[in-house]
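Enquirer: With the sequence up front, the predicted model follows.
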Amino acid sequence: MPSYTLYYFNGRGRAEICRMIFAAAAIQYNDKRIELSEWTQFKTKMPCHMLPILEIDTDTQVPQSMAISRYLAREFGFHGKNNVDMFKVDSICDSLFELFNDYMTLFNEKDAAKKPDLQKRYMDTCRRVLPYLEKTLEANKGGSGWFIGDQMLFCDMMCYAGLENPVQENPNFLKDYPKLAGLRNRVAAHPKIASYIKKRNNTAF
Ligand SMILES: N[C@@H](CCC(=O)N[C@@H](CS)C(=O)NCC(=O)O)C(=O)O
């Protein structure tokens with residue numbers, strides 16, 4: 001088993017899905033959290049100059065949160081049983097990532113004049129993506145289990161991690177999407193995830 005270090009800031013953000021996959025697989029890794037004050041000195045040394053980055057055995061450093069998540073999901077058995085399942089898992093994850101990314105872009109924007117356009121884009125994405133996900137979930141056993149098949153996969157964890165901030169900000173966020181709300185509860189109740197959530201660093205974002 002290689003050694004893993006996940007570099008990110010001290011927050012959930014784009015790294016939380018990777019941390020959840022590590023937790024679900026019960027794999028040890030170094031959860032390296034970089035303070036904003038240290039970032040300038042790290043930034044230029046990092047490939048692509050952004051976080052998260054996954055380091056494998058100190059000689060391989062790879063950026064991009066979704067590429068890292070897919071790699072971990074494949075390594076630890078959370079990406080689906082065959083190529084079609086993996087294709088579906090990726091599609092669900094990419095849809096959730098679109099929504100999450102629009103939320104992050106809106107949240108991080110400092111210029112108040114740009115916020116209304118970003119807010120509209122985020123709301124449009126929610127109206128497009130959430131009904132698709134609700135229907136996709138419902139198509140598998142009426143939506144009472146997981147998105148694909150009969151075990152928790154990367155896309156189910158992404159439904160938890162990717163929607164955490166929108167749900168925290170607005171507890172009614174999933175009011176019209178009861179299947180997705182139920183799925184998030186099941187992910188949170190999964191024994192490995194429940195124990196991770198209980199002991200993780202409690203950060204605002
Ligand atoms: N597409 C990339 C985006 C990465 C990204 O935007 N990272 C931000 C933190 S969430 C970052 O490193 N910001 C610091 C900077 O740009 O200097 C991913 O999903 O990993």
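Expert: Sure, I can see it. Numbers count the residues shown, from 1 in each chain.

Enquirer: helices or strands up against the longest helix along the chain?
Expert: Scanning the chain for the helix with the most residues, using DSSP state H, yields helix 83-108. Helix 83-108 sits against helix 65-76, helix 115-138, helix 154-161, helix 164-169, with contacts defined as 3 or more CB pairs under 8 Å, 6 or more residues apart in numbering; DSSP states H and E. Using the backbone N, CA and C atoms, a C-beta is placed for each residue, glycine as well.

Enquirer: Any idea which of the ones you listed gets closest to residue 177?
Expert: Across the helices and strands packed on helix 83-108, residue 177 has its closest neighbour in helix 115-138 (4.6 Å, CB to CB).

Enquirer: Now that closest one: average pLDDT?
Expert: For helix 115-138, the mean pLDDT works out to 98.

Enquirer: circling back to that earlier point, of the helices and strands packed on helix 83-108, flag the one that's most buried.
Expert: helix 154-161 (a mean of 26; mean count of other CB atoms under 10 Å).

Enquirer: Run through the residues of the protein sitting next to the ligand.
Expert: Applying CB under 6 Å from any ligand atom, one finds that the chain approaches the ligand through 13-14, 43, 50-52, 64-66.

Enquirer: mind redoing it with 8 Å?
Expert: 8-9, 13-14, 39, 43, 48-52, 63-68, 97, 101, 104, 108 (CB under 8 Å from any ligand atom).

Enquirer: ok, of those residues, which come out buried?
Expert: For these, a burial check counting by 16 or more other CB atoms under 10 Å picks out 8-9, 13-14, 51-52, 63-66, 68, 97, 101, 104.

Enquirer: Which residue in these has the weakest pLDDT?
Expert: residue 104 (92).

Enquirer: Hmm, residue 14 and it touching each other?
Expert: Yes - Residue 104 lies in contact with residue 14 (CB atoms under 8 Å); the separation is 7.5 Å.

Enquirer: List the buried residues for stretch 195-204?
Expert: Here stretch 195-204 shows 196-197 as buried, counting by 16+ other CB under 10 Å.

Enquirer: Measure how buried residue 5 is and give me the count.
Expert: 15 (other CB atoms under 10 Å).

Enquirer: What of the one 5 residues further on?
Expert: Neighbour count for residue 10, taken as other CB under 10 Å: 13.

Enquirer: and the residue nearest to it when sequence neighbours are not counted, how many residues sit next to it?
Expert: Ranked by CB to CB, 6 or more residues apart in numbering and with sequence neighbours excluded, the top spatial neighbour of residue 10 is residue 33, at 4.2 Å. If you count neighbours by other CB under 10 Å, residue 33 ends up with 15.
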